[in-house]
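[1] Quick one: sequence and predicted model below, then my questions.
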Amino acid sequence: MKVFKFGGASLESVERIRQVGQIIQSFPEDKLLIVISAMGKTTNELEKVAQNYYLRKREIAAQLLYNVEQQHMQVAEALLGNRENPLFTQLQQFFTEAEWTLGEKPMRAYDYYYDQLVSLGELLSTAIVSAYFNSVGIHNTWLDVRDVFRTDDNFRDANIDWDITQRQVTEKVLPLFNNTSIVISQGFIGSTDQNESVTLGREGSDYSAAVFANMLDAESQTIWKDVEGLKNADPKLFPNTVNIPEITYGEVIEMAFYGAQVIHPKTIKPLQNKQIPLYVKCFLDKNLPGTVIKEVADIKQLPPIIVLKKNQVLLHITSKDYSFITEEKISGIYEIFHGLKIKINLMQNGAISFSCCIDNNPEKIELLIKTLHNDFKINYNEGLELLTVRYYQDSLLEELSNGHPVLLEQRSPTTIQRLWKK
Ligand code: ASP
Ligand code: MG
């Protein structure tokens, strides 16, 4: 059994969906569990539906939903040739349910409605792809993942109940492979025990695929992307990036931690725990070598890995009465950060001060200052960038730093981090 994941970019046009079909056809011998995310930018569009609905701008929400409906109907019709297929009834049902939600007065928290509406994207894309595949002889079974992935009700960032989900995967998913060797399901979504839809966090489909891979004891997972494979830096920010042929689970977790938007950070653990290799391949040319992520990799081959986090803020928290910033004080400060869900990207402490770099989120910073201002004086610098380089050489570092004034720096033999003013 192999698990494949296709993201929004691989489904953003009729041609690309056909290309996905060709890729699948080149694996005739395999059992495939295919996880698909929403088409193109659908999730962003559905987020706008949810926002407008919650702001009681119901007409705008309905219009935006209608646009999503039209796009999907057009793609489905182009793929299937007409509207005779039962798919169109299924799509219509999904939209009718979403319209019902829009007709309700919002009584619950925003995140709940967000999930009820935004989960639509994956239901639509998988239904279309599944029906299209069946129509061209790629026989497959469509699976509603909400019947399998059980979560808590932490809407927008739901946590999977591992035991119940494993049981449902074994009881409900495995038998499907007796009918067809391909099962198609949704990434990013799941369900509570009350049958409410949930989402697992933006870009969460990689993680969904990894959960399936773990629970099905898959031999491998492949994420099909529109790029060659994993690169040593974001090609949109840096020239001369190179492809990484192989890399360890640990290194990828570190990259994600430092802010590289490569693979959803939660993806690695379920795979590492069962030693399932993760391939990143290009759906535009499946013969490109891509990247394999696994337990042991040839680290000598690794190029310097570069991550740049933009829009950073450096906070200086100083005790007002000159009392020391002790472990106890730091743990109190950390608790406040944790409560506000603020992630610290870099930190350093002195006798009466504590400095840390965080993503710029003005509302959270304001709350933080309100909470801390009785005991501490707080200053901050905005408009900063945090560079992280693993396996750095000094010459490269100077080239990347390019004379930016550095406000904070930390280095170990393998990793350097520099926070500078842009
Ligand atoms: N469609 C969701 C998103 O855009 C999940 C994913 O793409 O992985 O965030
Ligand atoms: Mg996506």
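    Right, received. Where do you want to start? Numbers count the residues shown, from 1 in each chain. Ligands and ions are numbered 1, 2, ... in the order given.

[2] Next secondary structure after the longest helix seen in the chain?
    For the chain, the helix with the greatest residue count under DSSP state H is helix 58-80. Sequence order places helix 87-103 as the next helix or strand after helix 58-80, per DSSP states H and E.

[3] for ligand 1, what are the nearby residues on the protein?
    7-8, 37-38, 43, 121, 187-188, 202-205 (Cβ under 6 Å from any ligand atom). From N, CA and C alone the C-beta is placed, and that goes for glycine too.

[4] For those, which entry has the maximal number of neighbours?
    Most neighbours among those, by other Cβ atoms under 10 Å: residue 187, with 31 neighbours.

[5] Nearest spatial neighbour of it, chain-adjacent residues omitted?
    Spatially, and ignoring its direct neighbours in sequence, residue 187 is nearest to residue 205 (2.5 Å; Cβ to Cβ, 6 or more residues apart in numbering).

[6] so what's the one you found up against?
    By Cβ atoms under 8 Å, 6 or more residues apart in numbering, residue 205 lies in contact with 5, 7, 35-37, 122, 186-188, 264.

[7] go again using 10 Å as the cut-off
    By Cβ atoms under 10 Å, 6 or more residues apart in numbering, the contact set of residue 205 is 5-8, 35-38, 43, 122, 186-189, 223, 264, 267.

[8] What of residue 44?
    With Cβ under 10 Å, 6+ apart, residue 44 has these contacts: 8, 38, 118, 121, 202.

[9] Looks to me like residue 254 is in a strand.
    No: secondary structure assignment places residue 254 outside any strand; it is helix (DSSP: H, G, I helix; E, B strand; the rest coil).

[10] I'd say it and residue 305 touch.
    Yes: taking Cβ atoms under 10 Å as the definition, residue 254 is a contact partner of residue 305 at 8.3 Å.

[11] what residues are shared contacts of the two?
    Listed as contacting both residue 254 and residue 305 by Cβ under 10 Å, 6+ apart are 260, 388, 390, 414-415.

[12] buried subset of these?
    Among the shared contacts of residue 254 and residue 305, those classed as buried by 16 or more other Cβ atoms under 10 Å are 260, 388, 390.

[13] From those residues, which land in strands?
    Of the positions in those, 388, 390 sit in strands, assigned by DSSP state E.

[14] got the buried ones among the shared contacts of residue 254 and residue 305 as CSV, with pLDDT columns?
    Formatted as CSV, these follow (pLDDT from 0 to 100):
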residue, pLDDT
260, 90
388, 97
390, 94
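
[15] ok, the buried ones among the shared contacts of residue 254 and residue 305 vs ligand 1, which is closest?
    Of all those, ligand 1 sits closest to residue 260, with 16.0 Å by Cβ to the nearest ligand atom.

[16] tell me how far stretch 154-171 is from the chain's mean position?
    Relative to its chain's centre, stretch 154-171 lies at 17 Å (Cα atoms, centre = their mean, to the nearest Å).

[17] just stretch 284-291 next, same as before
    22 Å.

[18] now do the same end-to-end measure for it.
    With Cα to Cα, to the nearest Å as the measure, the ends of stretch 284-291 fall 15 Å from one another.

[19] Quick one: mean pLDDT over that stretch.
    Averaged over stretch 284-291, pLDDT sits at 93.

[20] Look at the closest residue to ligand 1 within the stretch 251-400 of the chain and say how many residues are nearby.
    Nearest to ligand 1 in the stretch 251-400 of the chain, going by Cβ to the nearest ligand atom, is residue 264, at a distance of 6.9 Å. By other Cβ under 10 Å, 22 other residues sit near residue 264.

[21] got it, and the one 10 residues further on?
    Around residue 274 there are 13 other residues, counting by other Cβ under 10 Å.

[22] I'd like the distance between it and residue 218.
    Relative to residue 218, residue 274 is positioned 8 Å away (Cβ to Cβ, to the nearest Å).

[23] Need the overlap of contacts for the two.
    With Cβ under 10 Å, 6+ apart, residue 274 and residue 218 have common neighbours residue 210.

[24] returning to what we had before: which one among the residues of the chain next to ligand 1 gets closest to residue 102?
    residue 121 (15.6 Å; Cβ to Cβ).

[25] Surely the closest one is in contact with residue 43?
    Yes: contact status for residue 121 versus residue 43: in contact at 5.0 Å, counting by Cβ under 10 Å.

[26] Mutual contacts of the two, please.
    8, 37, 188, 199.

[27] pLDDT wise, what is the third one at?
    Read it as residue 188. 98.

[28] Look up how far residue 146 lies from it.
    The span separating residue 188 from residue 146 equals 11 Å under the rule Cβ to Cβ.

[29] Return every residue with contacts to both of the two.
    Applying Cβ under 10 Å, 6+ apart, one finds that residue 188 and residue 146 are jointly contacted by 119, 122, 198.

[30] Roughly how far does the first one sit from residue 206?
    The reference is to residue 119. Distance, residue 119 to residue 206, using Cβ to Cβ: 17 Å.

[31] Could you do residue 131 as well?
    Per Cβ to Cβ, residue 131 is found 24 Å from residue 206.

[32] Looking at the two, which one has more neighbours?
    Of the pair residue 131 and residue 206, residue 206 is the one with more neighbours under other Cβ under 10 Å, namely 25 against 21.
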